[in-house]
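# attaching a predicted model along with its sequence, questions to come.
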Amino acid sequence: MKFKKFGIPLASLLIAGSMLASGSSAADTTLIVAGSGGKLAKSIKKLYQDPFTAKTGIKVKSLATRNRASAIKAMMAAGKPIWDISSLNATEYATVSANGWLEKIDWKKLDPDNNIPAIARRSDGIVSASWSTVLAVRTDKLPAGKEMKSWADFWDVKKFPGPRALNNQPRDNLEFALLADGVALSDIYKVLQTKKGVDRAFSKLSQIKPHIVTWWKAGAQPIQMLNDGEVHYTSAYNGRVTKLASGGTPVKIVWNGGAMHLSYNGILKGSKNVDAAHKYLNFTSTNPERSAAQVKIFPYPGFVKGLYDYLPASLGPDLPTFPANAKVQVKIDSKFWSANREVLRERWEAWLLD
Amino acid sequence: MTKLFSNIGQKWLALPATVLLFLFFILPVGLVIQQALFDPSFTTAHFERFFSRGAYLSVYLNTIQVSVIVSIICLLMGYPVAYFIVRQTPAWRPTLLFLILIPLWMSFLVRTYAWMVVLGREGIINSVLIDLGIIDKPLKLLFTTGTVYVAMIQLLLPIMIISCYSAMTEIDQSLMRAARVFGAKASRAFWEVFLPLSLGGALTGTIVVFILSMGFFITPALLGGRKDMMMANFIESQLEQAAWGFAGAIGAILLATTLIVMWLVRMLTARFIYSARSEDL
């Protein structure tokens, strides 16, 4: 290892080390894909990566990763990415894209048959999946004859008594508070743009604060709490609620007022395999039948045309992009959040401790 | 001459560890501090931001308070347990130590979730109490500050016990017998011989528990109420956005605080600690 100058960031050092260790001099192409681990990674390997290698001869190595924006920043500081493709949540995509750490997508190459609608196309990325933060209700804990239908109901502790939870972050919750306060779906971000609107959301949240037993940090928490009867009503990620319901717990999703988020795939700036990466994204994103097989296991659909033709009719209503569900949800505005995240998070943390 | 040579030889033995520590500890810590102070030119803005916001300060003080209390309670609970184990026959000690070690092999996260099962509204304690007719509405045990303490102490106690135990086994038992021979009561032999000799290990355990507590965040986040936030939570949320500068500043403050507390503990207790090693006699 050579040290050119002393002020090299730690990251570049570690990366240099790991590159030496991995010794990437093989003649055949191997794409390094950063994603999440666990069952999702297994399913992606089986349904996408193995068939892709069989068809193209391009090998794929997938990594279980966290804090990807920080990792990519480190790679850019080192001047050389170790990953070719990274899956990115909306926050990560906003950071990484704004800093120019992604290659431009050649859409003619990625999607020659025009299977991806404009909503899922970015100049430097592709929307790979959608997921929603939804209101989840333990139906057996509802007062007799009543049904929870909206965030206004969630706020109504007289009509619907019982322990509640929300996630520990301003995003989603400010939107939910405004919906509960009677703001129309289409006006949410118009209201949030103003200081008065943000104040309004926080003061609405202050009303529900005493009734929130915990502010969850990880997606598994609300599911555990719903299952244990620890909370009766909570926000949660849609796929996990569906899974919980299929296990027999009497729990239901209220799609009305859900917050729809997008996840992305991007090619890292400076990747040596930009061409192969396009082939990979083409293979994994533009075939509705293949996507349907994945959605059957993980209900986080992308936007490939014709997806619903390959899905059983019973599955549709469980998905964020199902037209009836999409219509009643807030589309989370990642531009708004990347511009305001820092300020709102500081305010959120102070508000929570207050 | 041979002695000199072997001394030099011994110093070389420390080289790999020194290089490793420098590359993977000293240098990274330096770079974290650099991130906090240069962004890209010299700035104290990240530190000012931390100390000018009430929310950060109160979480900072909460982190110190939780860590101090957890370390002290672990010391008070762990020391007697270690003493008890040391006093058993050599045949029994490994079994007892094994029982202490078992929970250490499970991840903090699993043990934290286990507390949720025990303390929940429909958890073991509440359902037993309700079935016995002692209470008719579930007690709020979860998501309280008390639960954070209980869980953190349970998670960290084995570390304290092992640290105390290893110090105690090094004590020459004949010193205690000598004290008794010279007429000291058992309690006096303990207070004047055993305790000072084992205090070093007990303090090491306390400091290790303190350091680990300062970096805790999963347990308070999962089991505590909304005010039971720890500093590490902030670092995590900053890293999510690749905001290294502020994350570095929080990390540096955490590190500085830990070092200062360690130094204070060492200073204040130095004169009470004896070593059982022969060169001091």
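Happy to help now that I have it.
# pLDDT wise, what is residue 178 at?
Going with chain A. pLDDT recorded at residue A:178 is 98.
# switch to chain B, please.
You'll see residue B:178 listed with a pLDDT of 90.
# please, which helix or strand holds it?
According to DSSP states H and E, residue B:178 maps onto helix B:173-181.
# which neighbouring elements make contact with that helix?
Where contact means 3 or more C-beta pairs under 8 Å, 6 or more residues apart in numbering or on different chains; DSSP states H and E, helix B:173-181 is packed against helix B:186-189. For glycine as for every other residue, the C-beta is placed from the backbone atoms N, C-alpha and C.
# contact partners for residue A:273?
For residue A:273, the contacting residues are A:29, A:31, A:84, by C-beta atoms under 8 Å, 6 or more residues apart in numbering or on different chains.
# what's the closest of those to chain B?
Among the contacts of residue A:273, residue A:84 lies closest to chain B (C-beta to the nearest C-beta), at 19.4 Å.
# pull the contacting residues for the closest one.
A:31-33, A:267-268, A:271-273, A:276-277.
# now it: phi and psi?
The phi and psi torsions at residue A:84 (degrees, to the nearest 10) take the values phi -90, psi -50.
# for the stretch 201-350 of chain A, give me the ranges with low pLDDT.
Scanning the stretch 201-350 of chain A for pLDDT under 70 picks out nothing.
# please redo it, this time with the cut-off set to 90
Counting by pLDDT under 90, the stretch 201-350 of chain A has low-confidence residues at A:217-220, A:334-335, A:338-339, A:341-342, A:346, A:349.
# residues from it in reach of chain B?
A:209, A:212-215, A:217-218, A:221, A:224-225, A:228-230, A:341-342, A:345-346, A:349-350 (C-beta under 8 Å from any C-beta of the partner chain).
# just checking, which of those belong to strands?
Judged by DSSP state E, these include A:212-215 as members of strands.
# adding distance to residue A:245 and neighbour count as columns, could you present the residues you listed in a markdown table?
Converted to a markdown table, those look like this (distance: C-beta to C-beta, whole Å; neighbours: other C-beta atoms under 10 Å in any protein chain shown):
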| residue | distance to residue A:245 | neighbour count |
| --- | --- | --- |
| A:212 | 23 | 21 |
| A:213 | 22 | 21 |
| A:214 | 22 | 25 |
| A:215 | 23 | 21 |
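# and the two most separated of the residues you listed?
A:213 and A:215 (9.0 Å; C-beta to C-beta).
# now residue B:261: closest residue in space that isn't a chain neighbour?
Distances taken as C-beta to C-beta, 6 or more residues apart in numbering or on different chains put residue B:210 closest to residue B:261, at 6.5 Å, once the chain neighbours are dropped.
# can I assume residue B:184 is in contact with residue B:192?
Yes: Residue B:184 is in contact with residue B:192 according to C-beta atoms under 8 Å; the separation is 7.0 Å.
# which of these two has more neighbours?
More crowded of residue B:184 and residue B:192, by other C-beta atoms under 10 Å in any protein chain shown: residue B:184, with 16 against 12.
# any idea of the pLDDT on that one?
Per-residue confidence (pLDDT) for residue B:184: 89.
# any idea how far residue B:196 is from it?
From residue B:184 across to residue B:196, the span is 13 Å (C-beta to C-beta, to the nearest Å).
# name the SS class of residue A:255, please.
With DSSP: H, G, I helix; E, B strand; the rest coil as the basis, the three-state label of residue A:255 is strand.
# how near is the nearest residue to it once chain neighbours are set aside to chain B?
Excluding its sequence neighbours, the residue lying closest to residue A:255 (C-beta to C-beta, 6+ apart) is residue A:325, at 4.3 Å. According to C-beta to the nearest C-beta, to the nearest Å, residue A:325 and chain B sit 27 Å apart.
# give me every residue in chain B lying close to chain A.
B:23, B:27-28, B:31-32, B:34-35, B:53-56, B:58-59, B:113, B:116-117, B:120-123, B:140, B:142-143, B:221-222, B:225-227, B:229, B:233-234, B:237, B:239-244.
# those, buried ones only, as a ChimeraX selection?
Filtering these down to the buried ones (16 or more other C-beta atoms under 10 Å in any protein chain shown) takes a single ChimeraX command:
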select /B:28,31,32,34,35,55,56,58,59,113,116,120,121,123,142,143,221,222,225,226,229,233,234,237,239,240,241,242,243,244
